[in-house]
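[1] fold the following, please.
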Amino acid sequence: MSYNRAVRFAIAMVAGVLVACSHPADGPSYPGHAGTAPASPQRSASPTSAAAGATSAAAPTAPVVVPVVGCPTPSCAFHAGVGAYFTCLSGGAGACFHFGAPCTPADACMFDPGDRTYKQCARPSEGSCPQWGAACTPASRCMFDAADGLHHTCDEVSGGGCKRYGALCAP
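    Okay, the predicted model is just below:
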């Protein structure tokens, strides 16, 4: 597959995900068109393309088929450089590639960079924790490993820490 073809395929895949995840089920509505898209203007054929387009205009074009892909859901991930939690807008393979606004994990079980363990946060604020509670384990068991800076599934949890990390997981 040539580079240009691969890039066009990737763009089509991303566009398909964006379309599937951003439009309501009943379709868009436009002012004065009650649920239908406005008609596209007709293009006139240029004299140079009229002969070339005569055969291609009659041939139907095949629709682009995009595989079923779930809509990405942002998560709340630890950012080691800042030492706080932020919304992970794009990530995988144990890392977050694009961070958004500060957040707090749903269970408030957060990584404490001071002692490299997970603790319950008594007073979360702007993605950080000024007051720590008891040791905890995130519900997903996807934990930050300070040794390599990636998130791994913890195979053996101990007192808010992980004794044995397993496979990479999405933060």
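[2] so who does Ala134 touch?
    When contacts are counted by Cβ atoms under 8 Å, 6 or more residues apart in numbering, Ala134 touches 119-120. Placement of C-beta: from N, CA and C, glycine included.
[3] now it: how far from Ala122?
    To Ala122, Ala134 is 9 Å away according to Cβ to Cβ, to the nearest Å.
[4] ok, then the element right after the lowest-mean-pLDDT helix or strand in the chain?
    Ranked by mean pLDDT, DSSP states H and E, the weakest helix or strand in the chain is helix 47-58, scoring a mean of 49. Counting by DSSP states H and E, the element after helix 47-58 in chain order, helix or strand, is strand 75-79.
[5] ok, the next helix or strand after that following strand: who's next to it in the sheet?
    Sequence order places strand 84-92 as the next helix or strand after strand 75-79, per DSSP H and E. Strand 84-92 has the following strand partners under DSSP bridges: strand 75-79 (antiparallel), strand 95-102 (antiparallel).
[6] tell me what Cys154 is bridged to.
    Beta-bridge pairing for Cys154 (DSSP bridges): Tyr165.
[7] so it touches Ala139, yeah?
    No: taking contacts as Cβ atoms under 8 Å, Cys154 lies outside contact range of Ala139: 11.7 Å.
[8] more crowded one of those two?
    Cys154 (23 against 10; other Cβ atoms under 10 Å).
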